[in-house]
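Undergrad: Sequence plus the predicted model coming up.
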Amino acid sequence: MTASLASPGTALPGQPHIARDGAVLRVEQADLQALAREHGTPLFVYSKQWMLDALAAYRRGFEGRDALVCYAMKANSSLGVLRVFAEAGCGFDIVSGGELARVMAAGADVGKVIFSGVGKTRAEMRQALEAGIACFNVESEAELDVLSDVAVAAGKRAPVSLRINPNVDAKTHPYISTGLKGNKFGIAHDRAVEVYRHAASLPGLTVVGIDCHIGSQITEASPYLDALERVLDLVQAIEAQDIRLQHLDFGGGLGIDYNGDTPPAADALWQQLLARLDARGFGDRKLIIEPGRSLVGNAGVCVTEVLYTKPGEEKNFCIVDAAMNDLPRPAMYEAFHRIEPVVLKVDAEPVRYDVVGPVCESGDWLGRDRELAVQSGDLLAVLSAGAYCMSMASNYNTRGRAAEVLVSGSEARLIRRRETVEDQLRAEQLL
Ligand SMILES: *Cc1c(COP(=O)(O)O)cnc(C)c1O
């Protein structure tokens, strides 16, 4: 990450866009205490510069190549975030018709959209064909047949890439590992050539590429290198059948620093992968990648207010107004988010707390065994909350979803107002 943010004060480790101005935490030049006063809590605050710097790292890695970054928007699909990447010229990786509607609402170029996912419906296929997306990443033989039918009925040909399961271990949490034989994703490596032959024979399809996506929060280069070799072996075997692949798509999955994690930098990783591509004679192919988390994860924090502290015999609890419905990753994957006081108190004695939300589930925790000097009314910032937080947020316990602010320098703009209970009740009716 570049040092272009130049916040005064000391940046937090691994978070160049977050620094203390005196005691108070800022995202770029925006004071989190002031933003919480203005918009209430829980509040997501994102740094635009962090997103652009993360994108620039990929683009440095791909310098001089024919490469397209398709932001995997399920990581954070808020319109204000999509607009940042659309203006920067990105494509988008979508996984539903709803996400297609969102990229269109954000004013993105639909010709740079690719459609992934194991369960596309006929209606979603029709919607994407009408919109004119770049490619369907197909995940099963049954899906190929249905897509061909839908395309023929619409008088179109669907551009397809087959998602191959390369059977490599991404060495990440089992729930976010997707490239092993036991996963539901992709087409088995040993069936791939046959399935490509079938795809090429279908009247509604045009084969345009190949793709793989082996998992998420990957913090080593080796799984990518293994997957690359396996995919290139297949490209050779497929092209020996006279099926030409215009593009190679290596998915997303690069990790971020949550708690001292040290994933390879995007540019360094891609220089390594491109060297292998060149060595095997595929360096001139069009390349697509689908990063999500690594483009937004550390851009965001969630500001939450301490409601109560509750000392106990075995544990002390710090009860905050954000919960698993806002920040689902700890409950889902036992994920770690750093938690920092928004206003640092130097002379107060820290106490060890489990930081928990108000939701009626024991799984509703945000952090365990954290040393904090806090009392009711204080603000905490949950870090690394840009990816897979707001986009996974729910209304459990009839809690409205949080507001979101996008910061650029000293400018802070609301990109989503807080959801009201009226918003939640709107779709329902009494009998
Ligand atoms: C989720 C997903 C991505 C993005 O993964 P990250 O770990 O967020 O980079 C890319 N491609 C596909 C098909 C996905 O499902």
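TA: It's in.

Undergrad: The strand ranked longest in the chain and the ligand in contact?
TA: Across the chain, the longest stretch assigned as strand under DSSP state E is strand 300-310. No - counting by CB under 6 Å from any ligand atom, the ligand is not contacted by strand 300-310; separation bottoms out at 13.4 Å. For the C-beta atoms, the positions are set from N, CA and C on the backbone; glycine is no exception.

Undergrad: Which residues of the stretch 201-350 of the chain lie near the ligand?
TA: Contact residues (CB under 6 Å from any ligand atom) of the stretch 201-350 of the chain with the ligand: His213, Ser216, Gly251, Gly252, Gly253, Glu290, Pro291, Gly292, Arg293, Ser294.

Undergrad: Neighbour count and secondary structure added to those, as a markdown table?
TA: Formatted as a markdown table, those follow (neighbours: other CB atoms under 10 Å; DSSP: H, G, I helix; E, B strand; the rest coil):
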| residue | neighbour count | secondary structure |
| --- | --- | --- |
| His213 | 27 | coil |
| Ser216 | 25 | coil |
| Gly251 | 30 | coil |
| Gly252 | 25 | coil |
| Gly253 | 29 | coil |
| Glu290 | 23 | coil |
| Pro291 | 25 | coil |
| Gly292 | 25 | coil |
| Arg293 | 27 | helix |
| Ser294 | 27 | helix |
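
Undergrad: ok, which residues in the stretch 51-200 of the chain are in contact with the ligand?
TA: Residues of the stretch 51-200 of the chain lying near the ligand (CB under 6 Å from any ligand atom): Ala72, Lys74, Ala75, Asp93, Ser116.

Undergrad: can you rerun that using 5 Å?
TA: Ala72, Ala75, Ser116 (CB under 5 Å from any ligand atom).

Undergrad: Looking at those residues, which are in strands?
TA: Ala72.

Undergrad: Please, a PyMOL command that selects the buried ones among the residues of the stretch 51-200 of the chain next to the ligand?
TA: Here is the PyMOL command that selects the buried residues among these (16 or more other CB atoms under 10 Å):
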select buried, resi 72+75+116
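
Undergrad: and which of the residues of the stretch 51-200 of the chain next to the ligand is nearest Glu411?
TA: Checking those against Glu411 with CB to CB, the nearest one is Ala75 at 23.4 Å.

Undergrad: ok now do whichever residue of the stretch 101-250 of the chain sits closest to the ligand, which residues does it touch?
TA: Closest to the ligand within the stretch 101-250 of the chain is Ser216: 3.1 Å, counting by CB to the nearest ligand atom. Counting by CB atoms under 8 Å, 6 or more residues apart in numbering, Ser216 touches Ala170, Thr172, Ile176, Ser177, Thr178, Gly252, Gly253, Gly255, Gly292, Arg293.

Undergrad: and these, which two are the farthest apart?
TA: The widest separation within these (CB to CB) is 15.1 Å, between Ser177 and Gly292.

Undergrad: Contacts only, for Ser408.
TA: Ser408 makes contact with Glu28, Lys48, Gln49, according to CB under 8 Å, 6+ apart.

Undergrad: Return the members of the residues you listed classed as buried.
TA: Here, 16+ other CB under 10 Å leaves Glu28, Lys48, Gln49 buried among these.

Undergrad: Surely the second one and Val407 touch.
TA: Pointing back at Lys48 there. Yes - between Lys48 and Val407 there is a contact under CB atoms under 8 Å: 6.5 Å.

Undergrad: anything in contact with each of those two?
TA: Joint contacts of Lys48 and Val407 (CB under 8 Å, 6+ apart) are Glu28.

Undergrad: next one: stretch 99-114 to chain centre, how far?
TA: From the chain centre to the centre of stretch 99-114 is a distance of 16 Å (CA atoms, centre = their mean, to the nearest Å).

Undergrad: List the strands paired with the helix or strand encompassing Leu162, with their directions.
TA: When elements are defined using DSSP states H and E, Leu162 is found to belong to strand 158-165. Applying DSSP bridges to the sheet, strand 158-165 is found paired with strand 135-138 (parallel), strand 187-188 (parallel), strand 205-211 (parallel).

Undergrad: Of the ones you listed, which shows the lowest average pLDDT?
TA: Mean pLDDT across the strands paired with strand 158-165 is lowest at strand 187-188; the value there is a mean of 92.

Undergrad: What are the contacting residues of that one?
TA: Residues from elsewhere that reach strand 187-188 (CB under 8 Å, 6+ apart): Val138, Glu139, Ser140, Glu141, Leu162, Arg163, Ile164, Asn165, Asn167, Lys181, Val195.

Undergrad: mind listing the strands for the stretch 51-200 of the chain?
TA: Taking DSSP state E, counting those that start in this stretch as the criterion, the stretch 51-200 of the chain carries its strands at 67-72, 91-94, 113-115, 135-138, 158-165, 187-188.

Undergrad: Reformat these as JSON lines; add distance to Pro263.
TA: Formatted as JSON lines, these follow (distance: least, CB to CB, whole Å):
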{"stretch": "strand 67-72", "distance to Pro263": "16"}
{"stretch": "strand 91-94", "distance to Pro263": "19"}
{"stretch": "strand 113-115", "distance to Pro263": "23"}
{"stretch": "strand 135-138", "distance to Pro263": "24"}
{"stretch": "strand 158-165", "distance to Pro263": "22"}
{"stretch": "strand 187-188", "distance to Pro263": "27"}
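
Undergrad: hang on, the earlier thing: any idea how far the strand holding Leu162 is from the middle of the chain?
TA: Counting by CA atoms, centre = their mean, strand 158-165 comes out at 21 Å from the chain centroid.

Undergrad: Restricting to C-alpha, output it in PDB.
TA: C-alpha atoms of strand 158-165 as PDB (Å, rounded to 0.1, in the frame of the first residue of the first chain):
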ATOM      1  CA  ALA A 158     -24.200 -16.800 -24.200                       C
ATOM      2  CA  PRO A 159     -20.500 -16.300 -23.700                       C
ATOM      3  CA  VAL A 160     -19.200 -18.900 -21.300                       C
ATOM      4  CA  SER A 161     -16.200 -19.800 -19.200                       C
ATOM      5  CA  LEU A 162     -16.200 -23.000 -17.100                       C
ATOM      6  CA  ARG A 163     -15.200 -22.700 -13.500                       C
ATOM      7  CA  ILE A 164     -12.700 -25.500 -12.900                       C
ATOM      8  CA  ASN A 165     -12.200 -27.000  -9.500                       C
END
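
Undergrad: and the closest residue to Ala393 other than its chain neighbours, what does it touch?
TA: Excluding the flanking residues, the one nearest Ala393 by CB to CB, 6 or more residues apart in numbering is Arg401, at 4.8 Å. For Arg401, the contacting residues are Asn325, Asp326, Met390, Ala393, Ser394, Asn395, Arg416, Arg418, Glu419, by CB under 8 Å, 6+ apart.

Undergrad: Any quick ChimeraX command for the buried ones out of those?
TA: The buried residues among the contacts of Arg401 can be selected in ChimeraX (16+ other CB under 10 Å) with this line:
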select :325,326,390,393,416,418
